[in-house]
Structure formats: structure tokens, C-alpha cells
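Asker: sequence first, predicted coordinates after that:
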Amino acid sequence: MSKKSRFFLFSLFSAFTAGSIFAGGKLYDVAMKPRSHPDGEAKELPEVTQGRMWVRNHPTRRDIYIDSIDSLRLHATYIPSSTTDEHRYAIIVHGIWDNCEGMGVYARELHKKGMNVLLPDLRGFGASEGNYVGYGGDDRYDIIEWIYWIIKRDKDARIMLLGTSMGAATVLMTTGERMPDNVICAIADSSYTTVKDQFVDVYDRMVKPIIPPFIALPLLRLETKIRAGYDFYDIKPIEAVARSATPTLFIHGDKDTFINPAMCRALFDAAGCRREYCMILGAEHVKSVYHSPVKYWAKIDEFLEHVKF
């Protein structure tokens, strides 16, 4: 091979490598760097804003901090029940690009039912430390730490987990681990089956890709391994629910265009635990509680009665 040919091939390889590094970095910035909705965002529903203000301004709210197993400082907002001898607790887990205040609608309703409510900021969001999105992987261990924070203070605690979107996946990943008997049940609203499948689905439907998925996904995977230290191919709520012994209610809106509603049925079918299912007709992504609040809370009340929470 001539020098000219070798130089051409080397230049081509260098350009491809540089382009791959650039593309991987850009994909990482979009998918893995935490960011949150600003206050007063125009597209936010009034009910969401009202829920945020309820959490932020509640007279008995407390800021709680713990350390994760990898030494991050994690934050949660805790609002105790108005009943002093109440041993029921709801851990309420937010979705991507948000913080704990975004779950105010759920917290307000469950607090009204007499529960103590704990709203964690997932790592990288709100007042919690962290510089990457966990998608439920490392986050599951953080939720377990919050569970034990409650149990250390109340050995008679009865705990339910509730999450939406990425928070729902986090809840399901958590129940796939060994749970203390204090954890009575879980509610997963709009979870994905696996992070890999969700990324492929979103990339195909919502992005106009210059780089095809079979190249983009490995680039993002490699970049995530290097910069965040984990493999998102390993985050599989559908496998976690198969191991779970925690009674779980699966909820989804049938008009969800962000996470395919068919994933809800797949999770339900895979679950090895006691399970219930609710598809809210006409509801978009994580909008079920706003679209059909009476049906939504009636189903949750029914489920909680079934599991004797």
C-alpha cells in the first residue's frame, strides 16, 4: 500500500473516530445530563404548579439529607401526617427533568388520606448531588436508603412506593431488590420496560436521526460507561418485576406518545408479584391523574384496600 493510500485511510479513520466521539458526547448531553423544568414553565398544567406550591409552602415540611452508598448527598422533602400516631408512609418518586416538588399533586392527595409523605430528589435533580441521570439503576439503591431512613425512625412503618415515568421505573427496579417487610406495595405510573428499548423507541419516533439507532445507541452506551460509570443496558424494570414480591399496581395512559402504553401490559404480564392493572383512556404521558382524577384515585384506593395498606 502506498504512503498516499495509508495516509488517506488514516485520515478517514481519524475523522470517523473524531465524529463518533463528538456524536457520543452530544447524545450524552441530551440523554444523561440532569436538568429540570423551570418555575412557571408555560406548558406546565396549573395542577402541577399548584402541587409544587403545596409542597414548597407546607407549614410542616422538612428538608432531609442522607448519604448514598457512593457518598452523594441526597435530599428529600418530608411532610409528616397531621395524625401523630400514623405509621403509613408514601415515598413518591418523580420522573425525568423534574424534582420532588413536581410530585406535589400525589403528595397532597396521599397526605389528605392521612399518610406521611417523603419526596426524594433523585440523584442529579433538585437539591441532590449527582451529575448524571440514573434511569432507575443507581436510583434504586438511593430509594432503599430512604426506606431504611423511615424504618430507623419508625419500626412499625408501613411503606408504599409510588413513581411516575422514570420514577415508576425506579420504583420497579427497587422492588426487584430484597425488600424489608415494611414495604407493603408499589404503584408504577407509566414505566418503560427497559432503558434500551425506551431509548430506541424515543429515538425512532421523536428524533429525526442523522445517525441510525444501531450506531447511536452503542455510542451513547460507551459514553455513559466512561462518564457515568454504568451500563444502561442493565436497567430492566421488566426483569425486576419478575423477581419482585411486592404487590404492584401498573397504571398508564393509552394516549401516551413518550412511553409506549404496550410496555405497561408487558410489565404486568412479566410481574411475579401480586399485581393489578389500570389503563386510563384518553390520558397522555403521566397525565392520567389530571385527565381522570376520580378514576385514578378510586383505582389506587381499591388497590390499597386489597393489599390492606
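Answerer: That came through, no problem.

Asker: all helices for the chain, in order.
Answerer: Ranges of helices in the chain, per DSSP state H, are 3-32, 46-57, 104-112, 137-153, 166-175, 195-206, 213-227, 237-243, 262-270, 288-291, 293-306.

Asker: just those helices: most buried one?
Answerer: helix 166-175 (a mean of 30; mean count of other CB atoms under 10 Å). Glycine gets a C-beta too; all of them are placed from N, C-alpha and C.

Asker: so what does that one touch, helix or strand wise?
Answerer: Packing contacts for helix 166-175, counted by 3 or more CB pairs under 8 Å, 6 or more residues apart in numbering; DSSP states H and E, involve strand 88-93, helix 137-153, strand 158-164, strand 183-189, helix 237-243.

Asker: my read: Tyr230 touches Asp139, true?
Answerer: No: in this structure, Tyr230 is not within contact of Asp139 by CB atoms under 8 Å, at 10.8 Å.

Asker: contacts only, for the residue found closest to Asp67 once you drop the neighbours it is linked to in the chain.
Answerer: Setting aside the residues directly before and after it, Asp67 is nearest to Arg73 in space (CB to CB, 6 or more residues apart in numbering), at 6.3 Å. If you count contacts by CB atoms under 8 Å, 6 or more residues apart in numbering, Arg73 has them with 65-67, 128-129.

Asker: please repeat the previous calculation with a cut-off of 10 Å.
Answerer: Neighbouring residues of Arg73 by CB atoms under 10 Å, 6 or more residues apart in numbering: 65-67, 123, 127-130.

Asker: hey, what's Ile66 bridged with?
Answerer: Beta-bridge pairing for Ile66 (DSSP bridges): Leu74.

Asker: quick one: low-confidence ranges for the stretch 151-300 of the chain?
Answerer: 206-210 (pLDDT under 70).

Asker: count the neighbours of the closest residue to Asp154 other than its chain neighbours for me.
Answerer: Once flanking residues are discounted, Asp154 sits nearest to His87: 6.1 Å by CB to CB, 6+ apart. Neighbour count for His87, taken as other CB atoms under 10 Å: 16.

Asker: wait, His87 sits on Asn116?
Answerer: Yes: with contact defined as CB atoms under 10 Å, His87 counts as touching Asn116 (8.3 Å).

Asker: give me the common contacts of the two.
Answerer: Contact criterion CB under 10 Å, 6+ apart; residues shared by His87 and Asn116: 81, 150, 154, 157, 159.

Asker: what's the closest of those to Cys100?
Answerer: The nearest member of those to Cys100, counting by CB to CB, is Ile150 at 15.4 Å.

Asker: identify the residues contacting Tyr78.
Answerer: Tyr78 touches 60-64, 89, 116-120, 146, 149-150, counting by CB under 10 Å, 6+ apart.

Asker: quick one: buried ones out of these?
Answerer: In the contacts of Tyr78, burial by neighbour count holds for 61, 89, 116-120, 146, 149-150, counting by 16 or more other CB atoms under 10 Å.

Asker: what's the first-to-last distance across stretch 228-248?
Answerer: In stretch 228-248, first residue to last residue: 30 Å (CA to CA, to the nearest Å).
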